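Trainee: A structural model of the following input is requested.
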Amino acid sequence: MQIGMIGLGKMGSNMSRRLMKAGHHCVAFRRQRHAPRSAGEEGATAVGSLAEVVKTLGEKPRAVWLMLPPAGSPKRRLGHLGVLLEPDDHLSSDGGNSFYKDDIRRAKKVGEKGICYASIVARPAASGVSSVAIA
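Mentor: Residues are numbered from 1 along each chain as shown. Sure thing, here's the model as predicted:
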């Protein structure tokens, strides 16, 4: 399986390593210039833009995993990722502890295009259980 990994901080890098160790191929993107090279040295295909992630994944349906900081500018700027993906592609925003209402909004937006969006988000709940937003 191929997966696009966007965000190669501590969590994203470790997830990529684990996926590759299990035999999967990662297409990796990080905004900082030094990170793609280091990801490539570890076996991932390092690319320099979101468009390259989608193009390099090639075969449909494509899977893209976002490992970005909690809500804020990095996630807001990735709104156009929904433009690059196509129906039946999969987009997962996991591990970033996004505000659940933002994830519900994103799920609806890309869901209208036929993209499957899944996110496990920390949501205030009496049971303490996180919720899942899937479109």
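Trainee: go ahead and confirm residue 111 touches residue 117.
Mentor: Yes. The pair residue 111 / residue 117 is scored as a contact, 6.1 Å apart, by Cβ atoms under 8 Å. Heads up, the C-betas are built off the backbone N, CA and C, glycines and all.
Trainee: who's more crowded, these two?
Mentor: residue 117 (23 against 16; other Cβ atoms under 10 Å).
Trainee: give the rounded mean pLDDT of the helix or strand where the more buried one lies.
Mentor: Assigned by DSSP states H and E, residue 117 falls within strand 116-121. Averaging pLDDT along strand 116-121 yields 73.
Trainee: and what of stretch 4-17?
Mentor: Computed over stretch 4-17, the mean pLDDT rounds to 86.
Trainee: end-to-end on that stretch?
Mentor: 13 Å (Cα to Cα, to the nearest Å).
Trainee: mind listing what's buried in that stretch?
Mentor: For stretch 4-17, the neighbour count (16 or more other Cβ atoms under 10 Å) marks 4, 5, 6, 7, 8, 12, 13, 15, 16 as buried.
Trainee: sweet, I'm off.
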